[in-house]
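**Q** The following comprises the amino acid sequence and a computationally predicted model.
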Amino acid sequence: MKKRVAVRVLGLLAFCLVSLAAFSQGQDKTVLFQGRVVASSNSEFLPLAYIFNPQAGRGALSDNFGQVDMYVFPGDSLVISYIGYKKKYYIVPRDTELVHQVIIPMEEMTTMLREVKIFPHSSEEEFKQAFLAMQLRDAQQRENARNNLEQSKLNVFALQAGMGASSNFRNFSDMMISSQANKSFFNSPMLALTNPFAWISFIKSVKNGDLKRKDYKKAYEFLPKENLNRQMFLRNLKTN
């Protein structure tokens with residue numbers, strides 16, 4: 001009886017030792033975890049992302065290209081965190097090879113903030129004073145236009161300007177009368193004084209009274225006025 005009990009105890013101990021050895025051999029199988037942490041929206045590398053292994057109590061940071069290398073065991077759960085992104089959990093497969101490579105996409109964390117109203121002035125009275133003291137963008141252009149449109153400057157510009165419509169008409173009439181009175185003379189005064197035919201024509205015009213005629217003055221009665229618009233012209237036309 002004692003021998004049977006001893007055999008059973010030894011068999012149970014042997015079974016426990018074999019199971020413990022198999023379990024320990026499975027746990028001693030380390031895997032090189034090579035992960036690359038990227039953003040899910042544009043696949044941008046996320047540097048300095050933190051990958052933590054709670055079972056082992058250690059972690060690692062990703063490099064400037066989002067790459068991280070660390071040793072884990074099959075079945076370990078990894079926690080990946082990055083500022084502004086949601087935490088992500090990753091479980092290492094149990095049937096993985098000695099080197100496990102994976103890309104870990106991270107989703108951005110959207111935080112809705114409450115509405116905040118910002119006013120540049122502390123009170124309504126301060127706002128009124130600031131509004132009254134405000135200058136327009138084209139204040140300098142307005143001031144220049146106001147100075148250029150002063151009546152005194154406009155009078156100077158009018159004196160410096162050329163002849164208007166009435167002045168041109170009077171000048172043209174004077175030239176026509178002068179040419180009509182001297183049509184019998186040559187362009188050169190010396191030739192006109194020494195030309196007997198010109199003197200005969202001049203004497204005849206004096207006898208006929210051409211120099212005393214005042215018909216040319218009637219033309220000035222229809223002299224156009226300055227700044228004459230269409231309505232004034234039609235009103236004067238109906239009156240005449």
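**A** Looks like it came in fine. Numbers count the residues shown, from 1 in each chain.
**Q** pretty sure V99 is in contact with T30, am I right?
**A** No: here V99 does not reach T30: they are 10.7 Å apart, not a contact under C-beta atoms under 8 Å. (Each C-beta comes from the backbone N, C-alpha and C, glycine too.)
**Q** and G57, how many neighbours?
**A** 7 (other C-beta atoms under 10 Å).
**Q** swap in R170?
**A** A count of nearby residues for R170, using other C-beta under 10 Å, gives 14.
**Q** same question, Q67
**A** So Q67, with other C-beta under 10 Å, has 14 neighbours.
**Q** partner residues bridging it?
**A** Counting by DSSP bridges, Q67 is bridged to R36.
**Q** Then Y71?
**A** L32.
**Q** what about D69, which SS state?
**A** Here D69 is recorded as strand under DSSP: H, G, I helix; E, B strand; the rest coil.
**Q** Could you export stretch 127-138 as PDB, CA atoms only?
**A** Once non-C-alpha atoms are left out, stretch 127-138 reads as follows in PDB (Å, rounded to 0.1, in the frame of the first residue of the first chain):
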ATOM      1  CA  PHE A 127     -15.700 100.800 -26.600                       C
ATOM      2  CA  LYS A 128     -17.400 104.100 -27.500                       C
ATOM      3  CA  GLN A 129     -14.200 106.100 -26.800                       C
ATOM      4  CA  ALA A 130     -12.100 103.700 -28.900                       C
ATOM      5  CA  PHE A 131     -14.700 103.800 -31.800                       C
ATOM      6  CA  LEU A 132     -14.800 107.600 -31.800                       C
ATOM      7  CA  ALA A 133     -11.000 107.800 -31.800                       C
ATOM      8  CA  MET A 134     -10.700 105.300 -34.600                       C
ATOM      9  CA  GLN A 135      -9.300 106.600 -37.900                       C
ATOM     10  CA  LEU A 136     -10.300 105.200 -41.300                       C
ATOM     11  CA  ARG A 137      -7.700 103.600 -43.600                       C
ATOM     12  CA  ASP A 138      -8.200 106.200 -46.300                       C
END
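**Q** tell me the mean pLDDT for that stretch?
**A** For stretch 127-138, the mean per-residue pLDDT is 80.
**Q** contacting residues around that stretch?
**A** 120-121, 142 (C-beta atoms under 8 Å, 6 or more residues apart in numbering).
**Q** Quick one: the strands in this protein, in order.
**A** Counting by DSSP state E, the chain has these strands, from start to end: 31-39, 50-53, 58-61, 67-72, 77-81, 88-91, 99-106.
**Q** Let me see the mean pLDDT of the second one.
**A** What it means is strand 50-53. Here the average pLDDT along strand 50-53 is 95.
**Q** what does that strand rub up against?
**A** With C-beta under 8 Å, 6+ apart as the criterion, strand 50-53 contacts 35, 37, 58-62, 68, 70, 72, 76-82.
**Q** So how do I select the buried members of those in ChimeraX?
**A** This is the ChimeraX syntax for the buried subset of the contacts of strand 50-53, where burial follows 16 or more other C-beta atoms under 10 Å:
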select :35,37,59,60,62,68,70,72,76,78,80,82
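**Q** buried residues in stretch 128-135?
**A** Quick answer for stretch 128-135: no buried residues (16+ other C-beta under 10 Å).
**Q** and of the strands of the chain, who's closest to R146?
**A** strand 31-39 (59.1 Å; C-beta to C-beta).
**Q** Take the strands of the chain and lay them out in JSON lines including distance to E126.
**A** Converted to JSON lines, those look like this (distance: least, C-beta to C-beta, whole Å):
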{"stretch": "strand 31-39", "distance to E126": "45"}
{"stretch": "strand 50-53", "distance to E126": "49"}
{"stretch": "strand 58-61", "distance to E126": "51"}
{"stretch": "strand 67-72", "distance to E126": "55"}
{"stretch": "strand 77-81", "distance to E126": "47"}
{"stretch": "strand 88-91", "distance to E126": "51"}
{"stretch": "strand 99-106", "distance to E126": "47"}
